[in-house]
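# What shape does this take:
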Amino acid sequence: GDAAFNLALLLQDSSNSEEVTREAARLYQVAVQAADTDGEERWDALANMAAAKQEIGEFMGEYGAIRAYERVIVMLEEMVQ
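Numbers count the residues shown, from 1 in each chain. Reported below is the predicted structural model:
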């Protein structure tokens, strides 16, 4: 999960094409799915995945931008309470 997250960060930072952003989104999703499997909360991976998915127009589904943003909001709200 961490390796996928780090590679996705590098890709997204250097991205100037939809194909590279799509690959970054896929790698963020790998990191998020690994965290989900391990019972971890990776708000950073979720937020970055949401931004990348929004950029490429993937809004729907369990790992789409909308659901990812919702999960991040809930996680961050729980952290400050």
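# what's near enough to touch residue 23?
8, 11 (Cβ atoms under 8 Å, 6 or more residues apart in numbering). (Glycine included, C-beta is placed from N, CA and C.)
# Just the helices from this structure, written as ranges.
Ranges of helices within the chain are 2-14, 18-38, 43-56, 65-80, based on DSSP state H.
# ok now the shortest one, how far from the chain's centre?
Here the centre of helix 2-14 is set off from its chain's centre by 10 Å, with Cα atoms, centre = their mean, to the nearest Å.
# Buried residues in that helix, which are they?
For helix 2-14, the neighbour count (16 or more other Cβ atoms under 10 Å) marks 4-5, 7-9, 11-12 as buried.
# among the helices of the chain, which is the most enclosed?
Greatest average neighbour count among the helices of the chain goes to helix 43-56 (a mean of 22), per mean count of other Cβ atoms under 10 Å.
# Residues contacting that helix, please?
With contacts defined as Cβ under 8 Å, 6+ apart, helix 43-56 is touched by 1, 5, 8-9, 12, 18, 21-22, 24-25, 28-29, 31-32, 35, 59, 63-65, 68-69, 71-72, 75-76, 79.
# Taking helix 43-56 as reference, get the angle to the helix or strand of the chain with the lowest mean pLDDT.
Every helix and strand of the chain was ranked by mean pLDDT, DSSP states H and E. The lowest is helix 2-14, at a mean of 73. With axes from the mean of the first three to the mean of the last three Cα atoms, to 10 degrees defining the directions, helix 2-14 sits at 40 degrees from helix 43-56.
# For helix 2-14, which helices and strands make contact with it?
helix 18-38, helix 43-56 (3 or more Cβ pairs under 8 Å, 6 or more residues apart in numbering; DSSP states H and E).
# Need those in JSON lines (columns: mean pLDDT).
Listed next are these as JSON lines, based on pLDDT from 0 to 100:
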{"stretch": "helix 18-38", "mean pLDDT": "93"}
{"stretch": "helix 43-56", "mean pLDDT": "94"}
